[in-house]
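Chemist: next one to model:
(2 chains)
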Protein chains: 2
Amino acid sequence: MSKPSGPLSRDGWQWTPQTGLKAGVPTVGVIQPPSTAVNGTVYDVAIIGAGYTGITAARDLTTTGHKTLLIEARDRIGGRSWSSNIEGYPYEMGGTWVHWAQPFIWRELFRYNLLGTNLEVSPTEQGTCAILNKDKPTVTMSRQQEDEVVESAMKKMVNVDGKYGREVIPYPHDALRNRAAVAIYDKMSMADRFKQIEHDLTPTEKLMLEAFMSITCGAKWEEASFFEILRWWALANYTYTDFMERGLRFKLACGQSGLQRCIFDEANATGNLSYSFSTPVASVNDKGSVVEVTGRDGHVFRAKRLICTIPLNVLHTVQFAPPLLPLKKQASLEGHCNQVVKVHIEVDRPEHRELGSYNYPHGKLTYAFGDGTTPAGNTHQVAFGSSLPGVHLQPEENINETIEAWKGLLPNTDTKDFKRIVFHNWHKDEFAKGAWEWLKPNQVSKYLDALREKQGNVWFGSADWAMGWRGFLDGGIEDGQRVAKEVADDLSGKPPRPAFLSKL
Amino acid sequence: MSKPSGPLSRDGWQWTPQTGLKAGVPTVGVIQPPSTAVNGTVYDVAIIGAGYTGITAARDLTTTGHKTLLIEARDRIGGRSWSSNIEGYPYEMGGTWVHWAQPFIWRELFRYNLLGTNLEVSPTEQGTCAILNKDKPTVTMSRQQEDEVVESAMKKMVNVDGKYGREVIPYPHDALRNRAAVAIYDKMSMADRFKQIEHDLTPTEKLMLEAFMSITCGAKWEEASFFEILRWWALANYTYTDFMERGLRFKLACGQSGLQRCIFDEANATGNLSYSFSTPVASVNDKGSVVEVTGRDGHVFRAKRLICTIPLNVLHTVQFAPPLLPLKKQASLEGHCNQVVKVHIEVDRPEHRELGSYNYPHGKLTYAFGDGTTPAGNTHQVAFGSSLPGVHLQPEENINETIEAWKGLLPNTDTKDFKRIVFHNWHKDEFAKGAWEWLKPNQVSKYLDALREKQGNVWFGSADWAMGWRGFLDGGIEDGQRVAKEVADDLSGKPPRPAFLSKL
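Modeler: Numbering: from 1, shown residues only, chains lettered A, B, ... in the order given. Down below sits the predicted model:
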C-alpha cells in the first residue's frame, strides 16, 4: 500500500490501518550518501543547518565559487519545512503555503520553473464549514459565511489605529520602522488584546477567532505577543482576504522538499559543496583565523567563516566560544512560544475535500480543512491543534486519541474511513523545539536586532529573525541570501556596494 | 547652479533659466572607461543591452564564473529606466516606482541593503487635486476625493466578470493561464471597453479615467489592448488602493541608477565581466559553434551563447542570421503602442508638493503630481503627457511649449517659478522607440509565447515579455535571471532541476 517515493527519513510518523504507527516517512529531502565532508579541509564557509536558510546560503555561496560545508543534524534537508512523499503525494509536515507576495520564495519557484500547474489550491473557497462541540449540536455554515465571521472578528482584533494596523506597521517588510508604536503592541499579549475587544465580538466570532488564533500563535495567549498578529496582517496587505490567500491557499505539487532539492542540487552540482548529515553540533569555537565546529560525535570541521542557522529555540543548546551575545543567549533560553500541532489524514470521504471545521475549546485538534485529493482519490485533510493546557496533543503517544481528535473535527466519520495519518511532532523535535516562530511579549523590541548581529566570523541566519516574512518559508530564504552575501563580501574584502552609496 | 553628481550621459535633456535647454544629463549610470572588451576573445556569453534584464543576467553569469561581455548602444546602464543625478537628487527618466509586491526588484533592493529610508514616498496621500481646462474654471478636490472618483471609474472599467477581473486572470504572474478568457479581452481595445462603460460614468469619472488611462497606455485607445489594464489590475491585487500603491507610490532615494550600479558593480568586481558601451549592434550571426555580434562600427564580438535584451520595438532593426522567428519579427515590426511623455520640473512652490493635477483633453501634459522635494527646497513635480493626436509633446522641440504645457497643470504658476526641467524623450530614442510596453489588441495572444522562445544559441530576455510584471522594472529583472539561468544550465550541460521533477 505504502510505496515510498524517496528514501525514508527518521523524521515524522505514519499510521495506516495495515501497518499501525511507524516512525519515519519517505521524502525526497533525504540526501544520500549522508556525508561528503573531507577530513582536514578548511572550508571557505561552513553552514550549520540545511533548512531553507542554510540551503539558500549554500547555493548562493557554492555557485559563486566558495568551498562550502553544510552540516545538518537530521538525515534530510528542509528543517521545519519538509514534505513526506507517499505514493508520489506530498504531505507538508511543516511550512506549506506560498504566494507571489512572498518575494524570496517566489523568486526561487520561478528560478526552477516550479510555477504553473505546480502551484496548487489547498483549501477550497467553496464548501461547508462545521463547528463541532462535544456538548452541543454541530453548527454548519458555508465557507463564505465562515469568512465573513472570521473577517469581522479579525478586523476588530487588528484595528488598533482605525486603519487596521497600517499606522503601526506602514512598511510590512520593515516592521519595526515605527519603533514607538511597535513597543506599545509588542508589550501586549494576545490575551491583553482579546480582553479589549471581547465585548465587541458575537459568540460565534469569539469562538472562531479564539480557535483560529490558538493555532496561529500555538501558545497560551498570555505568552504570545499581540504584535505578531499585527505583523502577519500587515504582510498580508492589511486585509482578511489577503491574509487567507497568502497564508493558507497555494501549495506546491512537488512539495517543499521538491523545491528544496532544486536549491540543494544546484549547490551540489557546482562541485563546491561538501555536506555532513546526521551530524548534530555540540560546539562552535571561533578562533579568529578559523572557526571550529564540533559535532556531538567529536568530529571537528573547520572553515574560515561560519553561518549558523540553528533556530531560536535550539540555539542555546550549542556551546559557543566566544559565548553568544547575552541578548542572543537570553532570547534563545526564553524561546518563542509556538508549539502548535499539525496532523494530516487521508480519509475515504471525497465530500470532505470542501470541508473546513472547528472543534474548540475541547478539541485536541482545533481547526482543519481539505488540503488535497490523494492518488487513491481520497480526501487529504490537514488539522492543527493548539498547545493550550489540557488539549495539547502528542499525536504519536496514543494514536487512538489522535484518531478520536480527528473524528471530533469530521462530522459522521468513522475510524474505518481513515486510511492514513501523517505528522511530525515539532514540539518534541530537539532540533526545532517548536513550530513556526511566534515571539512572546516584549521579545520583538528586546531581541530582534541582536538576533541578526554577527559575532566575529560567525553569521546568524534564520526565518526566526528575517525582516519580512519572519517565521515563514520566505523569511528563511530571505535571511539565507542575506548572510550568504554578507559572508561573500567579507571574504572578498570588497565593499558590498558602490562607494557613492556608502552613506545610505 | 547645476553641480552634476556623476558623469554626463548623452541621454536626456535639462533646461534651467540660466543654461537654457541642453542635451545630456549627469547620472551615476555612465560607466567609465566605456570599454573593457578584449579583441579576439570568445566569451562564454555575450549580452546585448545593459538595461535591468542585461545587467541582471550579467551579474548572475559573472558571479557564477562565466566570462561575459555586455554590449550596450548607450553610454550608460539602465535602458528605459535611469535616474539623472542633479545636485545629488535623482529625477527618474523612465521606470520609477517599486513595491514589495514586485518580487524580483524587491529581492535586489534587499540584496544591496537599499530599503529602509532609501524607500521614499513619491506622491502624497494628502493634498489637493486640481482639474484644469483652458475653457473652464479650475475644479479642485481633495486627493481622497480624487481617489474615490478614479477608483469608482476604474472598477467599472475592469469589472468584466463581476469579480474585478479575478476570473480572467486568477494568477497575476501567469496571466495567460485562462487562455480562453484572455483571448476575449485581448481582442478588445481600450476604446472598445470605454464604449461599453461610458454610459455608466459620471462626467468627472469619465474625464479623470480618460486622462489617467491616456497616460497609462500612452496611445490612441483604438491601438491599446484592453487586456493590459486587466493584467496591471491583477498584478495590483485587483484593488485600486493597491494599484496606486504598487504603481506610483514608493521610489528610491538612490535612484534606479543607484540600484543598477550595485548590480553592475557586483558583476564587474568578479573579474569575469567585459563590456563595450556606445556600441549599437548591427547584426547577430549564430554560426552554431559561436555567435558573432557585429557593431554598427563593424567591430565583431564572439561568444558561445548570446542573450539579446533589445526591446520589442527595436528588435527588428538588428539583422539576425538565421533570421528571427517570423512571429518575433512581426511582433517587433508592429511594435507596442506606448509613446507616453514624461517630464520633470523643479518649481519654487513648496505647496505643490501635495498637488496632483489633470489637464485633459487639451493639455500636452495631462497628469502630474508632486514627486519630491529637491535639495534646494523646491518641489519636484513629474508630469505625463499622452500621445493622442494633436497633443503629443516633443519636449525638446520647443521648450516654451513645454513650459506652457506645465503651466497648464499648475494653477497660478509663473514661468519664473520654474527652476529646472528634466526629461528623456523615449519616443525619439532609437534604442527604445517608446516607453513601457503596452501591447496592441491581439498581440498578447499572438506573440507573447514566441517572444520568449530561444533560437539556437540566442536567448531573448526583456521586461517586454516577462511573465509577471511585464513592462515594469520587476519584469526586466525577472526575465534577466531567467535567461541567465537557462544559458548557464545550457553551458553546463546539467539538467536545470532534479530528475524526479522532470515531469512537472
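Chemist: and the pLDDT for the closest residue to chain B within chain A?
Modeler: Ranked by C-beta to the nearest C-beta, the top residue of chain A for proximity to chain B is residue A:103, at 3.5 Å. Where C-beta positions appear, they are placed from N, C-alpha and C, glycine not excepted. Per-residue pLDDT puts residue A:103 at 98.
Chemist: thought it was touching residue B:106?
Modeler: Yes: assessed by C-beta atoms under 8 Å, residue A:103 is found in contact with residue B:106 at 4.3 Å.
Chemist: more neighbours: which of the two?
Modeler: For residue A:103 versus residue B:106, neighbours defined as other C-beta atoms under 10 Å in any protein chain shown are more numerous around residue A:103 (27 against 23).
Chemist: ok, and the closest non-adjacent residue to the more buried one?
Modeler: residue B:103 (3.5 Å; C-beta to C-beta, 6 or more residues apart in numbering or on different chains).
Chemist: list the contacts for the one you found?
Modeler: Each residue near residue B:103 by C-beta atoms under 8 Å, 6 or more residues apart in numbering or on different chains is listed here: A:100, A:102, A:103, A:104, A:106, A:107, A:110, B:468, B:474, B:478.
Chemist: now swap in residue A:168 and tell me
Modeler: With contact taken as C-beta under 8 Å, 6+ apart, residue A:168 is in contact with A:160, A:161, A:178, A:181, A:182, A:184, A:185, A:230, A:234.
Chemist: report the separation between the first one and residue A:206.
Modeler: Meaning residue A:160. Using C-beta to C-beta, to the nearest Å, we find residue A:160 at a distance of 18 Å from residue A:206.
Chemist: who has more neighbours, these two?
Modeler: Summary of the neighbour comparison: residue A:160 and residue A:206, criterion other C-beta under 10 Å, with residue A:160 having more neighbours (19 against 16).
Chemist: surely that one is within a helix?
Modeler: No: under the criterion used here (DSSP: H, G, I helix; E, B strand; the rest coil), residue A:160 is coil, not part of a helix.
Chemist: contact partners for it?
Modeler: Contact partners of residue A:160, counting by C-beta under 8 Å, 6+ apart, are A:168, A:185, A:230.
Chemist: the second one: neighbour count?
Modeler: The reference is to residue A:185. Residue neighbour count, defined by other C-beta under 10 Å, stands at 25 for residue A:185.
Chemist: find the nearest non-adjacent residue to it, please.
Modeler: Among residues not flanking residue A:185 along the chain, residue A:227 sits closest, at 4.5 Å (C-beta to C-beta, 6+ apart).
Chemist: now do the helices in chain A.
Modeler: Secondary structure of chain A (DSSP state H): helices at A:52-63, A:103-111, A:143-158, A:179-187, A:190-197, A:203-217, A:227-235, A:240-248, A:255-269, A:312-315, A:326-334, A:399-407, A:443-452, A:473-492.
Chemist: which of those is buried the deepest?
Modeler: helix A:52-63 (a mean of 29; mean count of other C-beta atoms under 10 Å in any protein chain shown).
Chemist: tell me if it is near chain B.
Modeler: Yes: where contact is defined by C-beta under 8 Å from any C-beta of the partner chain, part of helix A:52-63 touches chain B, namely residue A:63.
Chemist: for the record, mean pLDDT for that helix?
Modeler: For helix A:52-63, mean pLDDT rounds to 98.
Chemist: ok, stretch A:164-176 next?
Modeler: What stretch A:164-176 shows for mean pLDDT is 97.
Chemist: local confidence estimate at the residue nearest to residue A:415 when sequence neighbours are not counted?
Modeler: Counting by C-beta to C-beta, 6+ apart, the nearest residue to residue A:415 once its immediate chain neighbours are dropped is residue A:403, at 5.8 Å. What the model reports for residue A:403 is a pLDDT of 97.
Chemist: OK, contacts around residue A:403?
Modeler: Taking C-beta under 8 Å, 6+ apart, we find residue A:403 in contact with A:415, A:418, A:421.
Chemist: against residue B:500, how distant is the residue of chain A closest to chain B?
Modeler: Taking C-beta to C-beta, one finds residue A:103 at 27 Å from residue B:500.
Chemist: do residue A:200 as well
Modeler: With the distance defined as C-beta to C-beta, residue A:200 ends up 52 Å from residue B:500.
Chemist: so what's residue A:423 up against?
Modeler: A:12, A:13, A:93, A:341, A:342, A:343, A:344, A:395, A:396.
Chemist: so it bridges to which residues?
Modeler: On DSSP bridges, the residues paired with residue A:423 through beta bridges are residue A:13, residue A:343.
Chemist: so residue A:312 makes contact with residue A:332?
Modeler: Yes: at 5.7 Å, residue A:312 and residue A:332 qualify as touching, with contact defined as C-beta under 8 Å.
Chemist: which parts of the stretch 351-500 of chain A sit against chain B?
Modeler: Residues of the stretch 351-500 of chain A lying near chain B (C-beta under 8 Å from any C-beta): A:467, A:468, A:478, A:481, A:482, A:485, A:492, A:494, A:496, A:497, A:498, A:500.
Chemist: for residue A:22, state which of the residues you listed is nearest.
Modeler: Nearest to residue A:22 among those: residue A:478, at 35.9 Å, using C-beta to C-beta.
Chemist: thought the closest one was touching residue A:468?
Modeler: Yes: judged on C-beta under 8 Å, residue A:478 makes contact with residue A:468 at a distance of 5.7 Å.
Chemist: need the residues touching each of these two.
Modeler: Taking C-beta under 8 Å, 6+ apart as the contact criterion, the residues that touch both residue A:478 and residue A:468 are A:103, A:104, B:110.
Chemist: quick one: neighbours of the closest residue to residue A:339 other than its chain neighbours, just the number.
Modeler: With sequence-adjacent residues excluded and distances taken as C-beta to C-beta, 6+ apart, residue A:339 is closest to residue A:387, at 3.8 Å. Burial of residue A:387 is recorded as 22 neighbouring residues (other C-beta under 10 Å).
Chemist: do the same with residue A:40
Modeler: Look at residue A:40: counted by other C-beta under 10 Å, it has 6 neighbours.
Chemist: mind giving me the packing neighbours of the helix or strand bottoming out on mean pLDDT in chain A?
Modeler: With mean pLDDT, DSSP states H and E as the measure, the helix or strand of chain A carrying the lowest mean pLDDT is strand A:83-86 (a mean of 93). In terms of contact count using 3 or more C-beta pairs under 8 Å, 6 or more residues apart in numbering or on different chains; DSSP states H and E, strand A:83-86 is assigned the packing partners strand A:8-16, strand A:20-26, strand A:89-92, helix A:255-269, strand A:418-423.
Chemist: what residues does the stretch 101-250 of chain A put near chain B?
Modeler: Taking C-beta under 8 Å from any C-beta as the measure of proximity, the stretch 101-250 of chain A contacts chain B at A:101-104, A:106-107, A:110-119, A:171-174, A:177, A:237, A:242.
Chemist: can you rerun that using 6 Å?
Modeler: Within the stretch 101-250 of chain A, the positions near chain B by C-beta under 6 Å from any C-beta of the partner chain are A:101, A:103, A:106, A:107, A:112, A:118, A:173.
Chemist: export these to CSV and tack on distance to residue A:337?
Modeler: Below are those laid out as CSV (distance: C-beta to C-beta, whole Å):
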residue, distance to residue A:337
A:101, 26
A:103, 27
A:106, 29
A:107, 31
A:112, 34
A:118, 34
A:173, 23
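Chemist: and these, which is closest to residue A:140?
Modeler: For residue A:140, the nearest member of those is residue A:101. The distance, counting by C-beta to C-beta, is 31.6 Å.
Chemist: where's the closest one relative to residue A:114, distance?
Modeler: Using C-beta to C-beta, which is the criterion applied here, residue A:101 is 17 Å from residue A:114.
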